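# The sequence and its predicted three-dimensional model are supplied below.
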Amino acid sequence: MTAPGPASASLPARRPVLAWALWDWGSAAFNAVVTTFVFSTYLASTLFVDPAIVAAANGNDDDPALVRALAANASLVGVALMIAGIVVALVAPVLGQRSDGTGRRKLWLGINTGLVVLAMAAMVFVEGTPASLVLGATLLAVGNVFFEFASVNYYAMLTQVSTRENIGRVSGFGWGMGYVGGIVLLLLLLVLFIQSFGDPDAGGLLAVSKDGGLNIRLAVLASAVWYGVFAIPVLVRVPEIPAQRRQVRVGFFRSYAVLWGTLRSLWRDSRQVLLFLVASAVFRDGLTGVFTFGAIIAAQVFGFSSTEVLYFAVAANVVAGISTMFAGRLDDRFGPKRVIVVSLIGLIVLGGVVLFIGTSVPLFWVAGLGLGVFVGPVQSASRSFLARVAPEGREGEIFGLYATTGRAVSFLAPGLFALFVGITGDTRLGILGIVLILAAGLLLMLPVSAKTAVIR
């Protein structure tokens, strides 16, 4: 087994890195299935609209009452995610800090991943009725909270399976594995549960009834099992960080005093790192908006069915996976900042394009797949940027701040999406808020330079 730290340029082919990256592969069950292409789209469907409104629309998707009801449901999802973000912002840095000090990164990764899996499994009870919408939005929020907590420790473990020379490739390999995992899982769900084969009232080769969204609910349940299985290798094969590397032995609430000391030290000695945390918080919130609301826009504005959304998802994941793995090499060669800046510019341009293409489905495919080219590289390069500048043994604490700063402004994307949709009654215009957030993140990122943090 490879020891923590040392690695060679060929490390991505070795078992510890593969085991680590399989968590990314499995996490597609939450990222792709729950938050983006299946469950969130399910919550935004007419199943959760008052049947009287649906009946009155009589198949007219442009009926004003139906459009307003769907927009209101999308706004509710945004509010639920905003509340989840507040919880993460308050707790994530302390959890990361404490896992550094106790040498229990894997323990907390396992606990939080398990809680995400349980939240996903509980989604099987979210029937396709208006009365279940709040339950669905709540489980979506709970899953997001514990997924962020798990990610803090998972990201910190990047330095345990890479070196400064290949950290970009390893990070890109992980993100790419996530996209490939998403492709495989979405295809399986499409064939087994969602695509109709002959009977329009049944989904998949298993011929699961679509009544009350049962086929979608069972697809999410299968995804929970997928995530749980592929989360096991990282807990078994990747070495744990030695507890003696940190000697923080304080109570939970006292940990906030330690956190405040860390922030003061960053402000005094490593202001560039603090600036990156702020910039990445803003543009990552914009990325969250792309993920969370992109499928909703596809369904409500461009008329994609749940099956068509999955076809689009598979294509987008293919593009994103290829571009992310390639960008990992560019990261190591040119630095993560350049990858981030170029990718953000691409996202802003293509996001703006969506506003002006009417209801043209072919143009949406082109713009959407273009967005996929840039989304993965921003995420992977941001992770490697912070891992490069984090002091040894303090990665969990720094990535906890990464999660917190991201969630401290996590109300922006859902809030501006809900605001633009609420004011205009047009779900499409929600993307304007997302584009504005990405542009703000880009402006904040431009003056940032990479320099290892000093924490006293």
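Yes, it's here. All values reported here derive from a predicted model rather than from experimental measurement.

# can you give me the helices in the stretch 351-456 of the chain?
Ranges of helices in the stretch 351-456 of the chain, per DSSP state H, counting those that start in this stretch, are 361-389, 395-408, 412-424, 430-445.

# Distance to D24 and mean pLDDT added to those, as TSV?
In short, each C-beta sits where N, CA and C put it, glycine included. Shown next, in TSV, are the helices of the stretch 351-456 of the chain (distance: least, CB to CB, whole Å; pLDDT from 0 to 100):
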stretch	distance to D24	mean pLDDT
helix 361-389	10	88
helix 395-408	15	73
helix 412-424	22	79
helix 430-445	23	90
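
# Of those, which is nearest D63?
Closest to D63 of the helices of the stretch 351-456 of the chain is helix 412-424 (CB to CB; 16.3 Å).

# Take stretch 386-400, keep the C-alpha atoms, and write them as CSV.
What follows is stretch 386-400, C-alpha atoms only, in CSV (Å, rounded to 0.1, in the frame of the first residue of the first chain):
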residue,chain,number,x,y,z
LEU,A,386,-6.5,24.6,-2.5
ALA,A,387,-4.7,21.3,-1.9
ARG,A,388,-1.6,22.9,-3.3
VAL,A,389,-1.7,25.9,-0.9
ALA,A,390,-3.0,24.0,2.3
PRO,A,391,-0.4,23.5,5.0
GLU,A,392,0.5,19.9,5.6
GLY,A,393,-1.8,18.3,8.3
ARG,A,394,-4.3,21.2,8.0
GLU,A,395,-6.1,20.1,4.8
GLY,A,396,-9.3,19.1,6.5
GLU,A,397,-9.5,22.5,8.2
ILE,A,398,-8.8,24.4,5.0
PHE,A,399,-11.3,22.3,3.0
GLY,A,400,-13.8,22.9,5.8
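
# neighbours of the closest residue to W25 other than its chain neighbours, just the number please.
Excluding the flanking residues, the one nearest W25 by CB to CB, 6 or more residues apart in numbering is G181, at 3.5 Å. Neighbours of G181 under the rule other CB atoms under 10 Å: 26.

# what's the angle between the helix or strand encompassing G181 and helix 361-389?
In this assignment (DSSP states H and E), G181 forms part of helix 167-189. Relative orientation of helix 167-189 versus helix 361-389 (axes from the mean of the first three to the mean of the last three CA atoms, to 10 degrees): 140 degrees.

# Quick one: mean pLDDT over the next helix or strand after helix 167-189.
Of the helices and strands lying after helix 167-189 in sequence (DSSP H and E), the nearest is strand 202-203. Averaged over strand 202-203, pLDDT sits at 90.

# now swap in stretch 85-102 and tell me
70.

# For the stretch 101-250 of the chain, give me the ranges with low pLDDT.
Filtered on pLDDT under 70, the stretch 101-250 of the chain yields the residue ranges 101-103, 241-250.

# quick one: the helices in it?
105-122, 133-156, 167-189, 214-230, 232-237.

# so how far is the last one off the chain centroid?
Helix 232-237 sits 21 Å away from the centroid of its parent chain (CA atoms, centre = their mean, to the nearest Å).

# Adding distance to F30, write the helices of the stretch 101-250 of the chain out as JSON lines.
Output for those, formatted as JSON lines (distance: least, CB to CB, whole Å):
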{"stretch": "helix 105-122", "distance to F30": "6"}
{"stretch": "helix 133-156", "distance to F30": "6"}
{"stretch": "helix 167-189", "distance to F30": "10"}
{"stretch": "helix 214-230", "distance to F30": "6"}
{"stretch": "helix 232-237", "distance to F30": "15"}
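
# Tell me which of these sits most buried.
helix 167-189 (a mean of 25; mean count of other CB atoms under 10 Å).
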